[in-house]
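Q: Pasted the sequence and its predicted model underneath.
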Amino acid sequence: MSIKKTATAHWTGGLKDGKGQISTQSGALKQQPYGFNTRFEDQPGTNPEELIGAAHAGCFTMALSMILGEAGLTATALDTKATVSLDKEDGGFAIKTIHLDLTGTVPGADQAKFEELANKAKAGCPVSKLFKAEISLSAKLNG
């Protein structure tokens, strides 16, 4: 079985003066603007790095929910922030690191078990498997 989802990008103009729009099959993003200024100058609009971060945070958090369930645990809250680092290197830019910052409330879990299961989710989530980047994780269990 293969599940296929699509997204599209449209671009006009050069790198710095050009503009683009990104859309998703679901319509969650519809002609969302992006460009040099939204990627490198913090202007309103989106950029590939935050979209990668959103995908990774969402996938990881869902994977952790599944892994917690397999361990007989259910989270009342899981919050993940993915920080995607775009670094300049010879010949251009590269995404070399992604950091997942997780906070969770999981009745019946202790910090050690929470970290163990979070690391299992980090390694097993399909989006994590996609990246060559180093993926780090910090996990904090709320008391």
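A: Yep, that arrived. Residues are numbered from 1 along each chain as shown.
Q: what about S85, neighbour count?
A: By other Cβ atoms under 10 Å, 13 other residues sit near S85. Heads up, the C-betas are built off the backbone N, CA and C, glycines and all.
Q: What pairs with the helix or strand where it lies, parallel or antiparallel?
A: Assigned by DSSP states H and E, S85 belongs to strand 77-89. If you go by DSSP bridges, strand 77-89 pairs up with strand 92-105 (antiparallel).
Q: So what touches the partner strand?
A: By Cβ atoms under 8 Å, 6 or more residues apart in numbering, the surrounding residues in contact with strand 92-105 are 49, 52-53, 56-57, 60-61, 64, 75-87, 114, 118, 122, 131, 133-142.
Q: Work out the gap between the helix ranked longest in the chain and the centre of the chain.
A: Ranked by number of residues, the top helix in the chain under DSSP state H is helix 48-70. With Cα atoms, centre = their mean, to the nearest Å as the basis, helix 48-70 stands 6 Å off its chain's centre.
Q: Same question for stretch 38-58.
A: That offset, for stretch 38-58, works out to 9 Å (Cα atoms, centre = their mean).
Q: coming back round to it: give the other helices and strands that the longest helix of the chain contacts.
A: strand 77-89, strand 92-105, helix 111-124, helix 126-130 (3 or more Cβ pairs under 8 Å, 6 or more residues apart in numbering; DSSP states H and E).
Q: Give the rounded mean pLDDT of the third one.
A: Rounded to a whole number, the mean pLDDT of helix 111-124 is 97.
Q: begin at 384 from here
A: With the count now opening at 384, the last piece we talked about shows up as helix 494-507.
Q: For it, C-alpha coordinates in PDB please.
A: Taking C-alpha atoms only, helix 494-507 is exported to PDB below (Å, rounded to 0.1, in the frame of the first residue of the first chain):
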ATOM      1  CA  GLN A 494      11.100  10.900  32.700                       C
ATOM      2  CA  ALA A 495      13.300   8.000  31.800                       C
ATOM      3  CA  LYS A 496      10.500   6.000  30.100                       C
ATOM      4  CA  PHE A 497       9.300   9.200  28.400                       C
ATOM      5  CA  GLU A 498      12.700   9.800  26.900                       C
ATOM      6  CA  GLU A 499      13.100   6.200  25.800                       C
ATOM      7  CA  LEU A 500       9.800   6.200  24.000                       C
ATOM      8  CA  ALA A 501      10.400   9.700  22.500                       C
ATOM      9  CA  ASN A 502      13.800   8.500  21.100                       C
ATOM     10  CA  LYS A 503      12.100   5.500  19.600                       C
ATOM     11  CA  ALA A 504       9.600   7.800  17.900                       C
ATOM     12  CA  LYS A 505      12.400  10.100  16.700                       C
ATOM     13  CA  ALA A 506      14.100   7.100  15.000                       C
ATOM     14  CA  GLY A 507      10.900   5.500  13.700                       C
END
